[in-house]
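**Student:** pasting the sequence and the predicted coordinates here, then a few questions.
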Amino acid sequence: MPTIADELKRYVQQQVQMHGRVVYADAVDPASIIVADAEESALPDMVHPEAVHADVIGDSIRPVVNEEMMTATTLDAFHAQINTCMKCPLGGTRTNFVFGSGNPDADIMVIGEAPGADEDAQGLPFVGRAGQLLTKILESIELQRDDVYICNILKCRPPNNRKPLAGETDSCEPYLWKQIELIKPKFILALGLTAAHTLLKSSETMSALRGTIHDYQGIKTLVTYHPAALLRNPEWKKLVWEDVKFLRSLYLEVKSS
Ligand code: SF4
């Protein structure tokens, strides 16, 4: 099983390949910023053991993507920077890039797996049958789609709606980090195991992940079933109702404080 250090090295290698440069900033100790401008040969030493430790203990090491992406200060500007992305093969098969939609100042971000056929056709997230169900789920806790921000781990549709491959997720996830950085949500609702596993770097089951407040970069994160799974398993709707009611109660606590 790969260690955290292995995972970070893999991430840095992939970032260097993608962008030529990657920055890790330690929120607790800015003096420990690691700039990896590295050549392949330097990679094994680039991730300092203490940085790895800090990531595990304090979640304080935060990948800040690359300098070009850091220049975007609005979602619109960021969308303009990346909407022609071809960093993984899905760029060549998409009809439309699906960035995300909703309130750019949302307190709640809803994050799914990847666009499906309807989303690919329209360039918008969650607009098919699963999306309509998501709208109803949000309405059940008195939220409209425009109250939250909705997006996916991947911005382009995998062929035949297959699960994202690891390389696709690795290529696309930095875009999600930047979206989160710009929106600064107080809560994340991860829809489905792919989103949950990607965000939380977990391999736990849905039963283990539901009903618990997880921490993602200091943001309270809840996990529930993907609406597409509910279409196939309507008996899970009750569980999702419990999950979103929990989210609603946390959200109202924050609003009233
Ligand atoms: S899925 Fe993400 S990384 Fe791949 S081409 Fe689309 S935007 Fe780029």
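**Tutor:** Perfect, I can see it now.

**Student:** which parts of the stretch 101-250 of the chain are helices?
**Tutor:** 117-122, 129-140, 166-183, 192-200, 206-209, 227-232, 237-256 (DSSP state H, counting those that start in this stretch).

**Student:** and the longest one, C-alpha only, in PDB?
**Tutor:** The C-alpha coordinates for helix 237-256 follow below in PDB (Å, rounded to 0.1, in the frame of the first residue of the first chain):
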ATOM      1  CA  LYS A 237     -33.600   8.000  -0.700                       C
ATOM      2  CA  LYS A 238     -34.400   7.800   3.000                       C
ATOM      3  CA  LEU A 239     -30.700   7.600   3.900                       C
ATOM      4  CA  VAL A 240     -30.000  10.600   1.700                       C
ATOM      5  CA  TRP A 241     -32.800  12.500   3.300                       C
ATOM      6  CA  GLU A 242     -31.100  11.900   6.700                       C
ATOM      7  CA  ASP A 243     -27.800  13.100   5.300                       C
ATOM      8  CA  VAL A 244     -29.100  16.300   3.800                       C
ATOM      9  CA  LYS A 245     -31.200  17.000   7.000                       C
ATOM     10  CA  PHE A 246     -27.900  16.700   8.900                       C
ATOM     11  CA  LEU A 247     -26.200  19.100   6.500                       C
ATOM     12  CA  ARG A 248     -29.100  21.500   6.900                       C
ATOM     13  CA  SER A 249     -28.800  21.500  10.600                       C
ATOM     14  CA  LEU A 250     -25.100  22.200  10.500                       C
ATOM     15  CA  TYR A 251     -25.700  24.900   7.900                       C
ATOM     16  CA  LEU A 252     -28.300  26.600  10.000                       C
ATOM     17  CA  GLU A 253     -26.000  26.500  13.100                       C
ATOM     18  CA  VAL A 254     -23.400  28.400  11.100                       C
ATOM     19  CA  LYS A 255     -25.900  30.900   9.700                       C
ATOM     20  CA  SER A 256     -27.200  31.700  13.200                       C
END
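
**Student:** what packs against it?
**Tutor:** helix 129-140, strand 187-191, strand 219-224 (3 or more Cβ pairs under 8 Å, 6 or more residues apart in numbering; DSSP states H and E). All C-beta atoms are positioned from the backbone trio N, CA, C, and that covers glycine.

**Student:** and the chain, which of its residues are near the ligand?
**Tutor:** Neighbours of the ligand within the chain, by Cβ under 6 Å from any ligand atom: C85, M86, K87, C88, L90, G91, L154, K155, C156, E168, S171, C172.

**Student:** I'd say the last one and C151 touch.
**Tutor:** No: contact status for C172 versus C151: not in contact, 10.7 Å apart, counting by Cβ atoms under 8 Å.

**Student:** returning to what we had before: distance to L222, pLDDT and neighbour count added to the residues of the chain next to the ligand, as TSV?
**Tutor:** Converted to TSV, the residues of the chain next to the ligand look like this (distance: Cβ to Cβ, whole Å; pLDDT from 0 to 100; neighbours: other Cβ atoms under 10 Å):
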residue	distance to L222	pLDDT	neighbour count
C85	29	94	16
M86	33	95	11
K87	29	92	19
C88	28	95	20
L90	28	97	24
G91	31	96	16
L154	21	98	27
K155	23	98	29
C156	26	98	27
E168	25	96	21
S171	26	93	25
C172	22	96	23
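
**Student:** and those, which two are furthest apart?
**Tutor:** Put simply, by Cβ to Cβ the two of the residues of the chain next to the ligand set farthest apart are M86 and L154, 13.6 Å from each other.

**Student:** got the domain ranges for this protein?
**Tutor:** Domain assignment for the chain by automatic domain parsing gives 4-64, 95-256.

**Student:** which of the ones you listed sits most buried?
**Tutor:** Counting by mean count of other Cβ atoms under 10 Å, domain 95-256 has the highest mean neighbour count of those, with a mean of 18.

**Student:** follow-up on the earlier one: of all the helices of the stretch 101-250 of the chain, which lies closest to T73?
**Tutor:** Closest among the helices of the stretch 101-250 of the chain, using Cβ to Cβ: helix 166-183, at 7.5 Å.
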